[in-house]
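>>> show me the folded form of this:
(2 chains)
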Amino acid sequence: MDVFDTSTMKGVPDRYAFSFPIQMASQPKRLPNYLRMYRRRACLTQAEVARLLGNHDGANVSRYERYKRKPSLETALGFCAIFREPITELLAGTYDDAARVIRGRTRQLALKVRQTNPTRRTILKLESLDRISNQ
Amino acid sequence: MTIDLTGPTQKPMRLRRVLAIDPTHRGFGFAVLETPDRLVDWGVVHVRSDTHAGCMKRIGQLIEHHQPTVIVTEDGEAEGSRRGTRVRKLIAAVQRLTLDLGARSAAVSLTKTRHAFSRSDPVTKYDIVVAIAERFPELRPVLPRRRKCYMSEDERTTIFQAVAYATSPL
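Numbering: from 1, shown residues only, chains lettered A, B, ... in the order given. Predicted structure coming up:
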C-alpha cells in the first residue's frame, strides 16, 4: 500500500493529490443547487446574501453552495426571493432526486389502485397519478 | 433561465457539463459550462507552492464538486503552442485523470479557438475576451482592460480563455 505525506504532497502521484477517491456520478445529472451561480450573477458576496437572509455571516451560505448542508424551507424561499428564480431551478438536483423518488412511488400506488374496483373516483385518481409519473 | 430536461412524451435531454482549464504561471483559470449555454462557475485559482501537485489537488476538487462530463484543456502539443514543459505536463496529467475517472477529455488548440470566433479576420485574445463577455454578461464585472504593450497579461484573461475552450467545437 502506498503511503504519502499528505501534508506536503511531495512525491504524491497525480491521481492521489486530492480527496481520494473522487466519486463521479454514474449518469450526468443537474447539480444539487445552483446558488453559487445565481449569487455570482447578481454580483453578491456570501456575506451579503447571508445578511439578506437574516444571518450574521456567510458560513451557512458557503455550506449550501458546497453541498455540505441543505437549506431549510424558509431559507430556500429566501433564496427564491433574492434571486427571483423558482425553487425547482435553484435547488435543481435536489428537486430532481425528490421527483424521481415520487415517480417511483406513484407507479407503485397506481398498480395498487388498478387492482381495486374501477369507479369514477378511481379513474380520476389514476389520471392524476399518471400526470405525476409523467412529469 | 429554466432548463426543461424532460417532457411528458420526450426522452430526457442528455445533460453535458464541460469543465475547461487554462493553466497560468501560478495556478489556472477555469470555467464550467452546462448545456445548452449556461455558465455555471468560473474563476482563477492561485497555488502557492509545488504548483503541479497544488493544481492537481484543486482540479480534483473542482471535478468532484461539478461532476463534469467533459474536461477541456489547451492542446499543448499542437503546432504553434508556446506552452512550457510544466504546463504540458500538467495538461497531460489532467487528461490522464479524466480517463481514469471515465469522463471525456478534449484538447483544443489556440488556433482552433481563434478560428471559432472569426473565420475571416485575424482576432486578438482581447477580441475573444470581449466577444465572450458579450455572450455571457455575468463575466462583464471581471472583464479586463485592453492590454498595453508595457503591461503583463491580466490574470482574469485566463477565465475568458477557459470559456473559449469550453465553447469551441470539440
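
>>> so which residues of the chain form helices?
This is for chain A. Counting by DSSP state H, chain A has helices at residues A:35-41, A:46-53, A:59-65, A:73-83, A:87-90, A:92-114, A:120-133.

>>> actually it's chain B I care about, not the one you picked
Using DSSP H, helices in chain B cover B:51-66, B:85-101, B:110-117, B:125-135, B:157-167.

>>> picking up where we left off before, reformat the helices of chain A as CSV; add distance to chain B.
C-betas here are computed from N, CA, C, even on glycine. Formatted as CSV, the helices of chain A follow (distance: least, CB to the nearest CB, whole Å):
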stretch, distance to chain B
helix A:35-41, 5
helix A:46-53, 14
helix A:59-65, 9
helix A:73-83, 12
helix A:87-90, 6
helix A:92-114, 8
helix A:120-133, 8
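
>>> ok, which of these comes nearest residue B:26?
Of all the helices of chain A, it is helix A:35-41 that lies closest to residue B:26, at 22.5 Å by CB to CB.

>>> got the CA positions of that closest one in CSV?
Extracted as CSV, the C-alpha positions of helix A:35-41 are listed here (Å, rounded to 0.1, in the frame of the first residue of the first chain):
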residue,chain,number,x,y,z
LEU,A,35,-27.0,29.0,-5.6
ARG,A,36,-23.4,30.0,-6.3
MET,A,37,-24.1,30.6,-10.0
TYR,A,38,-27.0,32.9,-9.3
ARG,A,39,-25.2,34.6,-6.5
ARG,A,40,-22.3,35.5,-8.7
ARG,A,41,-24.6,36.6,-11.5
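
>>> report all helices and strands that that helix contacts.
helix A:59-65, helix A:73-83, strand B:38-46 (3 or more CB pairs under 8 Å, 6 or more residues apart in numbering or on different chains; DSSP states H and E).

>>> apply 6 Å and report the result again.
On a contact count with 3 or more CB pairs under 6 Å, 6 or more residues apart in numbering or on different chains; DSSP states H and E, helix A:35-41 meets helix A:59-65.
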